[in-house]
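> Give the three-dimensional model of this entry:
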Amino acid sequence: MTIEKVTSLGSINITEDAIATLAGQVVTECYGVVGMASKKIVQDSIAMLLKKENYSKGIVVNRTSKGIEINIYVIVSFGVRISEVVYEAQKKIKYVLENTLQQELGAVNVFVQGVAKKD
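Coordinates of the predicted model:
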């Protein structure tokens, strides 16, 4: 799935991986988010932190009838209110991606995979 835009100069194609990487960078800047987790939890149920080059492994991008739907898997910081962290992350991701891609987002779903102390 790609987003295709046609301009007077030609066409622009934005891949799912590019959208996932952008969303990963945005969410890791949010207060209370320690990092990204893989969408597939390791065999012994431990969520592993992903490095910058692997952000797309913690994000699923789907196109639906309502627009683009993004599922993000994160690890939050110990001692923060999880509901507030998730809400603020959803708002920031929606704002940045809609302005950057000029495309409507149908949903931003955030799944908390674990809690950890921030280094």
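> CA atoms for contacts and neighbours, from now on please.
Fine.
> those strands in this structure, which residues are they?
Ranges of strands within the chain are 2-7, 10-15, 33-36, 59-64, 67-77, 105-116, based on DSSP state E.
> Point out the most buried one among those strands.
strand 33-36 (a mean of 25; mean count of other C-alpha atoms under 10 Å).
> Pull up the pairing partners for that one, direction included.
With DSSP bridges as the test, strand 33-36 is paired with strand 67-77 (antiparallel).
> Return the set of buried residues in the helix ranked longest in the chain.
In the chain, taking DSSP state H as the definition, the longest helix is helix 82-101. Across helix 82-101, burial judged by 16 or more other C-alpha atoms under 10 Å covers 82, 85-86, 88-90, 92-94, 97.
> one step back: distance to residue 25 added to the strands of the chain, as CSV?
Below are the strands of the chain laid out as CSV (distance: least, C-alpha to C-alpha, whole Å):
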stretch, distance to residue 25
strand 2-7, 19
strand 10-15, 16
strand 33-36, 9
strand 59-64, 11
strand 67-77, 11
strand 105-116, 14
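> mind putting those in CSV, distance to residue 24 and mean pLDDT included?
Output for those, formatted as CSV (distance: least, C-alpha to C-alpha, whole Å; pLDDT from 0 to 100):
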stretch, distance to residue 24, mean pLDDT
strand 2-7, 17, 80
strand 10-15, 14, 90
strand 33-36, 7, 86
strand 59-64, 7, 88
strand 67-77, 8, 91
strand 105-116, 11, 90
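> quick one: contacts of the longest helix of the chain?
Contacts of helix 82-101 with the rest of the structure, by C-alpha atoms under 8 Å, 6 or more residues apart in numbering, involve 19, 22-23, 26-27, 30-33, 76, 103-105, 108-110.
> quick one: which of the residues you listed is nearest to residue 59?
Among the contacts of helix 82-101, residue 23 lies closest to residue 59 (C-alpha to C-alpha), at 7.9 Å.
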